[in-house]
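[1] Here is my input; please provide its structure:
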Amino acid sequence: MTFAYTVPGKVVLCTVDPKNIEHMLKTNFDNYVKGHVFSDPFTDLLGKGIFNVDGELWYHQRKTSSKMFTKKQFETHISKVVASNTAKVTALMEREEGTFDMFQLMNRFTLDTIGEIGFSKSVLAGIGSLEDPSSPFLSAFDRSQQILITRFWTDPFWKIL
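    Residues are numbered from 1 along each chain as shown. Here you go, the predicted structure:
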């Protein structure tokens, strides 16, 4: 399924078709740029990082980061980090008798897993405990995302709001 819709000033293309995804992300990647409409609202948080740039800058960062995701790295490091953090989440869920905030738990799981894979350090989001799910970094990151999404959908007025 593939469809497009228009919001003020933007055409948004959505697809779940594997052939279209391959075309957009591999075969014809250069034709699907983010452009300033996407990147401007996100620059304060993402800077000129891989998720916020196009062209040569993206290509250089992609080549640099791809070394982190080799088959050997996956077998020796990535799979172990994911398995370890998944075991922590599973243990927490098994011993919990009441309800808990799954969104917060998955946020902490994701942040710690990415931190350990990318930097070999826990970001200390704290997936070891449901009792104190607070993480100053995660709270700040969540708030930043909320602000950026608001900017994206209110563009071009976010700069003056």
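[2] Is residue 123 in a helix, a strand, or coil?
    At residue 123 the chain is in coil, as set by DSSP: H, G, I helix; E, B strand; the rest coil.
[3] Next one: it from residue 37, what distance?
    From residue 123 over to residue 37 the distance is 30 Å, taken as Cβ to Cβ, to the nearest Å. In short, each C-beta sits where N, CA and C put it, glycine included.
[4] More neighbours: the two, which one.
    Taking other Cβ atoms under 10 Å, residue 123 and residue 37 do not tie; residue 123 has more neighbours (19 against 14).
[5] Please name the nearest non-neighbouring residue to the more buried one.
    In space, and not counting its chain neighbours, residue 123 is closest to residue 115: 3.6 Å by Cβ to Cβ, 6 or more residues apart in numbering.
[6] Rounded mean pLDDT for the strand or helix carrying that neighbour, please.
    Here residue 115 sits within helix 102-119, counting by DSSP states H and E. Mean pLDDT, computed over helix 102-119, is 85.
[7] Check which helices and strands that helix sits against.
    Under the contact criterion of 3 or more Cβ pairs under 8 Å, 6 or more residues apart in numbering; DSSP states H and E, helix 102-119 touches helix 79-95, helix 136-154.
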